[in-house]
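**Q** this is a predicted model, with the sequence first.
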Amino acid sequence: NAGVTQTPKFQVLKTGQSMTLQCAQDMNHEYMSWYRQDPGMGLRLIHYSVGAGITDQGEVPNGYNVSRSTTEDFPLRLLSAAPSQTSVYFCASSYGQGSGYTFGSGTRLTVV
Amino acid sequence: AQSVTQLDSQVPVFEEAPVELRCNYSSSVSVYLFWYVQYPNQGLQLLLKYLSGSTLVKGINGFEAEFNKSQTSFHLRKPSVHISDTAEYFCAVTFSGGYQKVTFGTGTKLQVIP
């Protein structure tokens, strides 16, 4: 089925560990973004990409890295996990500015 | 910079009653506006969007929204809600023209009471 696939769905990390959240889409969308969702704060943009090889920071980029080597994949890397990074992470993609996003089902991350 | 304000964090409403979820945005340039719905433990789904043209926009599941430029608002409405509409609703805004960051509101939880 076409869409945005995120893995894993759940993850528990210890403080200081690193990990990569995977995101893949099969709709040939140029635009991809990572958001984190925290209670009462809505969705906040971490990083986004407008095409392979092009990424930029959102409003909360500290502690996260991204790369976009292909149109399909947009992984999010946590460099050294901190409890403040406990959150639900969503990857989203779109083919145009006015098309709206297609979201993945999310990764629930807990850092202890 | 653009911003979005959703004035109500929670809205309880009885089944079959009408509902309005409020959204105000701030921007000095042309914008695109969106409403998304999030069911428990799921990702967000696009309900409807305003790009240009008619200010009344119809979406899925019987929802509609009206763009009001003078009030800088984009309120979401449904004339008769169902239990299945219980979810969290997010308003979002981005600048028109080229790729721009999409900014989301803090969400409104709609609770439909049987």
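**A** Perfect, thanks for sending it.
**Q** tell me which residue lies nearest the centroid of the chain.
**A** Went with chain A since none was named. When C-alpha atoms, centre = their mean is applied to chain A, the residue found nearest the centroid is A:Trp34 (3.1 Å).
**Q** sorry, I should have been clearer: chain B.
**A** Note: chain B centre (C-alpha atoms, centre = their mean) maps to B:Trp35, 3.5 Å.
**Q** name the element that residue belongs to?
**A** For B:Trp35, the host element (DSSP states H and E) is strand B:31-38.
**Q** so what does that strand touch, helix or strand wise?
**A** strand B:44-50, strand B:64-68, strand B:73-78, strand B:87-95 (3 or more C-beta pairs under 8 Å, 6 or more residues apart in numbering or on different chains; DSSP states H and E). Every residue, glycine included, has its C-beta placed from N, CA and C.
**Q** sheet-wise, list the partners of the shortest one with their directions.
**A** Read it as strand B:64-68. strand B:56-58 (antiparallel), strand B:73-78 (antiparallel) (DSSP bridges).
**Q** could you check the angle strand B:44-50 makes with the longest strand along chain A?
**A** Longest strand in chain A, counting residues (DSSP state E): strand A:42-51. Going by axes from the mean of the first three to the mean of the last three C-alpha atoms, to 10 degrees, strand A:42-51 is angled at 80 degrees with respect to strand B:44-50.
**Q** after strand A:42-51 comes which helix or strand?
**A** strand A:54-57.
**Q** average pLDDT for that next one?
**A** Mean pLDDT, strand A:54-57: 94.
**Q** and the contacts of it?
**A** A:His47, A:Tyr48, A:Ser49, A:Val50, A:Val66, A:Ser67, A:Arg68 (C-beta atoms under 8 Å, 6 or more residues apart in numbering or on different chains).
**Q** in a markdown table: the residues you listed, plus neighbour count, pLDDT and distance to A:Thr86.
**A** Listed next are the contacts of strand A:54-57 as a markdown table, based on neighbours: other C-beta atoms under 10 Å in any protein chain shown; pLDDT from 0 to 100; distance: C-beta to C-beta, whole Å:
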| residue | neighbour count | pLDDT | distance to A:Thr86 |
| --- | --- | --- | --- |
| A:His47 | 22 | 96 | 18 |
| A:Tyr48 | 24 | 94 | 22 |
| A:Ser49 | 21 | 94 | 24 |
| A:Val50 | 16 | 92 | 29 |
| A:Val66 | 23 | 97 | 19 |
| A:Ser67 | 16 | 96 | 24 |
| A:Arg68 | 20 | 97 | 25 |
